[in-house]
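Q: 3D model of this:
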Amino acid sequence: MSASTHWLATAAAQAVLERGGNAFDAATAGAFVLHVVEPHLNGPGGDMTGVFVTAEEPGRPVVLMGQGPAPAGAKVEHYLAEGLDLVPGSGALAAAVPAAVDAWLLLLRDHGTWELGDVLDFAIGYARDGHPMLGRVGTTIAAVAELFQTHWPTSAELWMPGGRIPAEGELVHNPAYARTLQRLADVGTAGPAGHSREGRIDAARREWSEGFVAKAMVESVQTPHRHSSGTDHRGVLALEDLSEFQAGYEDAATVEFRGHTIAKTGPWGQGPALLQTLAILEGFDDEYLDPSTELGAHTILEAQKLALADREAYYGDTDVPLDQLLSAEYCAGRRALIGEQASHEFRPGSVPGYEPYVPELRTHYTPPTGAGSAGSAGLGVGEPTVAPSGETRGDTCHIDVVDRWGNMVSATPSGGWLQSSPAVPELGFCLGTRLQMTWLEPGTPSTLTPGRRPRTTLTPTLVLRDGKAVTALGSPGGDQQDQWQLPYLLRTIVGGYSPQQAIDAPTFHTTSMPGSFWPRTWEPGGAVVEDRLGEDVIAGLERRGHAVTVVGGWTLGRLSAVVRDPATGVLQAAANPRGAQGYAAGR
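A: Residues are numbered from 1 along each chain as shown. So this is what the prediction gives:
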């Protein structure tokens, strides 16, 4: 079974499975297709995180770490000297070391079975021969068209050929990216006779991090260009940053909830915030856990606010007291803070020996130059959410795959969006902007620091039962990713919903925390809800003091999931109908 945020990625992954490939071959093929067909949501210059199990070790969730660190030149002093008080939301100064491609190639090398050229063939074909333009891609390009034409001419040339935005459904091409992938594939097959499959993939990884790709990326950042601050700057990415980075594997962070084990990334990502929320909710009776009721929605929103406050106060690529934050005693204390009325406060908890960081709580932001963004992209309006400056809030994609043997992977590729920074013309893509999730203030758990990873929002999920993986799921959505996955988990584990029913059901999220994306604002007590939640429930939330924003009934969430019953081997898949773009397939 395969499920993703775009039908062509699902189709590519399923084609690999049908031809005998395993889940890791399939997920890698689908991921490279996502780079091509959802360029507004992810790109090869970005990042990814995954969590997977193998058929040989079905009870051991492993994190695939594809989040690059800050470059050696990304020092707070440099950004302050450039007149900045926040890391920009667009432009090469916001670029972490690109990590997505290396992570996928690592997974393919260690757990796949196919040759690299065969895996990349799907993406090469769509980039070279064309694929139908998504309306959302055109909307994104339109939002930044003036920026492209005035300040980022390489992006205008790539995404506005002939000076026009391609129409929805029109075949579009990216021959530069097709050539880039073909060169990587050729490197992986042209090595000395006797090289192993693994050695051929490693040769392509070296070409990415030390060869023509690395050199083109580094050269591209040397030209000053417009950032979301409204000012022009050079990037700081260097060849040494690329050559010294390698993707890797880590143990997953987990909690137990209603007889299930939920597995996430470590606290260098936001994933443990979902674990904290579940640990807080574990102490409530089931009637408090129904997202379709006033009581359930209120309780869930309040629990999320507490966990997300701890995310801001403690999470980062540093010493994080995660065991304490997930402990039953700590979460019982957090649970006691949930009352009948909505909180409008920022309430991180207290962990002995640690000082919780409280960021500046902005409801609005103006860059220090007085220039910059022509308006901040609104929250809760769905994806893509991008301002004319290139500022992006949480644009991402997702893919889940399970094969006949029980290999299962959930992965969330992101970053390197077409609106992130000027396109590198010879490569057909641009650098990402993940460093916007770091702070320039000293003493925070996620202060910009060379060699440290920014606290990513990418947060795929695995669910295990009786020591075996049963579900892989995830969603785009920046700060909302885990917030949209939580109702799915509650509805399937507690409510008895099927995977598709849980994805289809109306959902909501809070905005009552500092955003992870520039300009890092918040809305005290904010709650964004789909109107299908019902007038009575929405009115009840307002009576309880939530600052409710009502959006269209099929607006929030981009979930996909695959499910396996270990006892029978029966597989299921489900995908999001919102946007008429996601797709699930299998047999």
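
Q: State the number of residues packed around P566.
A: By other CB atoms under 10 Å, 16 other residues sit near P566. In short, each C-beta sits where N, CA and C put it, glycine included.

Q: Please name the residues that touch it.
A: By CB atoms under 8 Å, 6 or more residues apart in numbering, P566 lies in contact with 58, 406, 465-466, 468-470.

Q: Could you report the distance from it to A27?
A: For P566, the distance to A27 equals 20 Å [CB to CB, to the nearest Å].

Q: sorry, back to before: could I get the contacts of P566 in CSV, plus columns for secondary structure?
A: Formatted as CSV, the contacts of P566 follow (DSSP: H, G, I helix; E, B strand; the rest coil):
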residue, secondary structure
P58, coil
G406, coil
R465, strand
D466, coil
K468, strand
A469, strand
V470, strand
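
Q: which element is the closest residue to Q246 other than its chain neighbours on?
A: Ranked by CB to CB, 6 or more residues apart in numbering and with sequence neighbours excluded, the top spatial neighbour of Q246 is D102, at 6.4 Å. Using DSSP states H and E, D102 maps to helix 100-111.

Q: Could I get the average pLDDT for stretch 14-21?
A: When pLDDT is averaged along stretch 14-21, the result is 98.

Q: Put the alpha carbons of that stretch into PDB.
A: Presented in PDB, the C-alpha positions along stretch 14-21 are these (Å, rounded to 0.1, in the frame of the first residue of the first chain):
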ATOM      1  CA  GLN A  14       3.000   1.600  -6.100                       C
ATOM      2  CA  ALA A  15       4.600   0.800  -9.400                       C
ATOM      3  CA  VAL A  16       7.800  -0.100  -7.600                       C
ATOM      4  CA  LEU A  17       5.900  -2.400  -5.200                       C
ATOM      5  CA  GLU A  18       4.200  -4.100  -8.100                       C
ATOM      6  CA  ARG A  19       7.500  -4.700  -9.800                       C
ATOM      7  CA  GLY A  20       9.000  -6.400  -6.700                       C
ATOM      8  CA  GLY A  21      10.600  -3.500  -4.900                       C
END
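
Q: which non-adjacent residue is nearest Q324?
A: V351 (5.0 Å).

Q: now L490
A: L289 (5.0 Å).

Q: Please, which helix or strand holds A29?
A: helix 23-37.

Q: Show me the beta-bridge partners of S560.
A: G474, A575 (DSSP bridges).

Q: residue contacts, it?
A: Each residue near S560 by CB under 8 Å, 6+ apart is listed here: 3-5, 398-400, 473-475, 503, 573-576, 582, 584.

Q: got a winner among the residues you listed for most neighbours?
A: S4 (38 neighbours).

Q: so what's the residue lying closest to that one once chain neighbours are set aside bridging to?
A: In this structure, S4 finds its nearest non-sequential neighbour in I399, 4.0 Å apart by CB to CB, 6+ apart. Taking DSSP bridges as the rule, I399 bridges to S4, A411.

Q: pLDDT weak spots in the chain?
A: 188-194, 367-395 (pLDDT under 70).

Q: does the most centrally placed residue in it sit in a helix, a strand or a coil?
A: The centroid of the chain falls nearest to L458 when counting by CA atoms, centre = their mean (3.3 Å). Put simply, L458 is coil when judged by three-state DSSP.

Q: Name all residues that make contact with it.
A: By CB under 8 Å, 6+ apart, L458 lies in contact with 47-49, 67, 265, 269, 396, 412-414, 481.

Q: can you check D202 too?
A: Counted by CB under 8 Å, 6+ apart, D202 has contacts R109.

Q: which secondary structure element contains it?
A: Counting by DSSP H and E, D202 is found in helix 197-210.

Q: Now the next helix-or-strand element following that helix - C-alpha only, CSV.
A: Downstream of helix 197-210, the first helix or strand assigned by DSSP H and E is helix 212-220. Only the C-alpha atoms of helix 212-220 are listed here, as CSV (Å, rounded to 0.1, in the frame of the first residue of the first chain):
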residue,chain,number,x,y,z
PHE,A,212,28.8,19.3,-9.3
VAL,A,213,25.7,19.7,-7.2
ALA,A,214,27.5,21.0,-4.1
LYS,A,215,29.6,23.4,-6.2
ALA,A,216,26.6,24.9,-7.9
MET,A,217,24.7,25.4,-4.7
VAL,A,218,27.6,27.1,-3.0
GLU,A,219,28.2,29.4,-6.0
SER,A,220,24.6,30.4,-6.1
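
Q: helices or strands up against the helix or strand following helix 212-220?
A: Going down the chain from helix 212-220, the next helix or strand is strand 225-226, by DSSP H and E. Other helices and strands packing on strand 225-226, by 3 or more CB pairs under 8 Å, 6 or more residues apart in numbering; DSSP states H and E, are strand 232-233.

Q: Who are the packing partners of the strand it packs on?
A: strand 225-226.

Q: strands paired with the strand it packs on, and their directions?
A: In the sheet, strand 225-226 lines up against strand 232-233 (antiparallel) (DSSP bridges).

Q: Name the residues that touch the partner strand?
A: 82, 88, 91-93, 151, 224-227.

Q: Packing partners of the helix or strand just after that strand?
A: Sequence order places helix 239-244 as the next helix or strand after strand 232-233, per DSSP H and E. In terms of contacts (3+ CB pairs under 8 Å, 6+ apart), helix 239-244 is packed against helix 197-210, helix 212-220.

Q: Any buried residues in the last one, and which?
A: Residues of helix 212-220 classed as buried under the neighbour-count rule (16 or more other CB atoms under 10 Å) are 213-214, 217-218, 220.

Q: With the first one instead?
A: Applying a neighbour-count criterion of 16+ other CB under 10 Å, one finds 197, 200-205, 207-209 buried in helix 197-210.

Q: any chance of those in CSV, plus distance to Y365?
A: CSV is the format used below for these (distance: CB to CB, whole Å):
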residue, distance to Y365
R197, 50
R200, 48
I201, 44
D202, 44
A203, 46
A204, 42
R205, 39
E207, 41
W208, 36
S209, 35
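
Q: Angles on the backbone of the residue lying closest to T447 once chain neighbours are set aside, please.
A: Leaving aside its chain neighbours, T447 sits nearest to W439 (5.3 Å; criterion: CB to CB, 6+ apart). Dihedral pair for W439: phi -110, psi 150, per degrees, to the nearest 10.

Q: ok, W439 to E312 distance?
A: Computed as CB to CB, the W439 to E312 distance reads 10 Å.

Q: Between the two, which has more neighbouring residues?
A: E312 (27 against 24).

Q: Hmm, the more buried one is touching P348, no?
A: Yes: the criterion here is CB atoms under 8 Å, and E312 meets it with P348 at 6.8 Å.

Q: any idea which helix or strand carries V51?
A: Residue-wise, V51 maps onto strand 47-53 under DSSP H and E.

Q: relative orientation of the helix or strand following that strand and helix 100-111 in degrees?
A: Using DSSP H and E, the helix or strand that follows strand 47-53 in sequence is strand 62-66. Angle between the axes of strand 62-66 and helix 100-111 is 140 degrees (criterion: axes from the mean of the first three to the mean of the last three CA atoms, to 10 degrees).

Q: Listing partners with orientation, what would you give for strand 62-66?
A: Counting by DSSP bridges, strand 62-66 is paired with strand 47-53 (antiparallel), strand 248-251 (antiparallel).

Q: Of all the ones you listed, which one comes closest to A328?
A: Nearest to A328 among the strands paired with strand 62-66 is strand 248-251 (20.6 Å), distances taken as CB to CB.

Q: Which residue is the nearest non-sequential neighbour of D466?
A: P566 (7.2 Å).

Q: V119 should be in a strand, yeah?
A: No: secondary structure of V119 (three-state DSSP): helix, not part of a strand.

Q: Nearest spatial neighbour of it, chain-adjacent residues omitted?
A: Per CB to CB, 6+ apart, closest to V119 is A29, 4.8 Å.

Q: Next: G406.
A: G406 sits nearest to A55 (CB to CB, 6+ apart), 4.2 Å away.

Q: which residues sit in contact with the one you found?
A: 403, 405-407.
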